[in-house]
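Novice: Give me coordinates for this.
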Amino acid sequence: MVQSPTSLFDVSGKVVLITGGAQGMGRMIAEGFVAGGAKVYITSRKADVAAAAAAAMAETGTCVALARDLSSPEDASALAREITEREPRLDVLVNNAGRTWGAPMENFPDKAWAPVMAVNVQAPFTLVRDLLPLLRAAASASDPARVINIGSLAGRIVERLSAFSYAASKAAVHHLTRELAAELARDQITVNTVVPGYFPTQMTSHIRAEEERLTGLVDRIPLGRLGSAEDVVGACVMLSSRAGAYITGSEIVIDGGLAGCR
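Specialist: As a prediction, this is how the structure comes out:
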């Protein structure tokens, strides 16, 4: 018997970790899970930023702030240990923390590669590996544990952003998702990528600050607007609820049609 739409998208009671969940898109996602009744852990490099965000979200639900930098595998492992000390299971891991670097091709430095790949690609892998016992503890055939990797439109199509290491790292995340999905299906753990287009976050602040550039961008988007918090929250909640239990190794593109309508 098919569940009601309300119960089909229910995430109440789930334990969720969202890296980079104190600001930007991570904050949008975190607010959605908190409002849905999940227990949410968020991370930020800055303790005060994480604490302020968690305090604001705690007015509507349960949100716990963790001050963690994910610039090295050791940092990611330390975060996994902290979650393991606090929780017996982890229902949802959202690998959202990211780093970018922009510069013209002729000036793009070698030092722009290692830190971007470390945060955007290696940290998600390390977290999945080290949190496997908690993910397995939460998993069942009818309600798998979930890993959601936040990719980027820049890793799917060429957007001419002069962010070469960022675009390459996000393309790597998209394929890493498929590799992990194949590896972990036997453990009843689904792994999917959410691929956002342009949203009102820090990464698009330079575009939104100039009316002409913003107008030009919106004119390219078939649906004629930037993404909203509800757009990305809807995708993440769907993937984390019973509605997404049979989806793994997939990319959910949320870009207003930029990729799909070309």
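Novice: Now Gly260: closest residue in space that isn't a chain neighbour?
Specialist: Residue nearest to Gly260 in three dimensions, not counting chain neighbours: Val253, with 6.5 Å by Cβ to Cβ, 6 or more residues apart in numbering. For glycine as for every other residue, the C-beta is placed from the backbone atoms N, C-alpha and C.
Novice: What strand or helix carries Leu161?
Specialist: Counting by DSSP states H and E, no helix or strand carries Leu161.
Novice: So it versus Leu66, what's the distance?
Specialist: 30 Å (Cβ to Cβ, to the nearest Å).
Novice: Neighbour count: these two, which is higher?
Specialist: The neighbour count for Leu161 versus Leu66, taken as other Cβ atoms under 10 Å, is higher for Leu66 (21 against 15).
Novice: That one against Ala50, yeah?
Specialist: Yes: at 6.4 Å, Leu66 counts as touching Ala50 under the criterion of Cβ atoms under 8 Å.
Novice: which residues are common contacts for the two?
Specialist: Residues touching both Leu66 and Ala50 (Cβ atoms under 8 Å, 6 or more residues apart in numbering) are Ile42, Thr43, Ser44.
Novice: Let's have the residues you listed in CSV, adding distance to Arg186 and neighbour count.
Specialist: CSV is the format used below for the shared contacts of Leu66 and Ala50 (distance: Cβ to Cβ, whole Å; neighbours: other Cβ atoms under 10 Å):
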residue, distance to Arg186, neighbour count
Ile42, 30, 32
Thr43, 29, 25
Ser44, 34, 25
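Novice: These in strands, which ones?
Specialist: Ile42, Thr43, Ser44 (DSSP state E).
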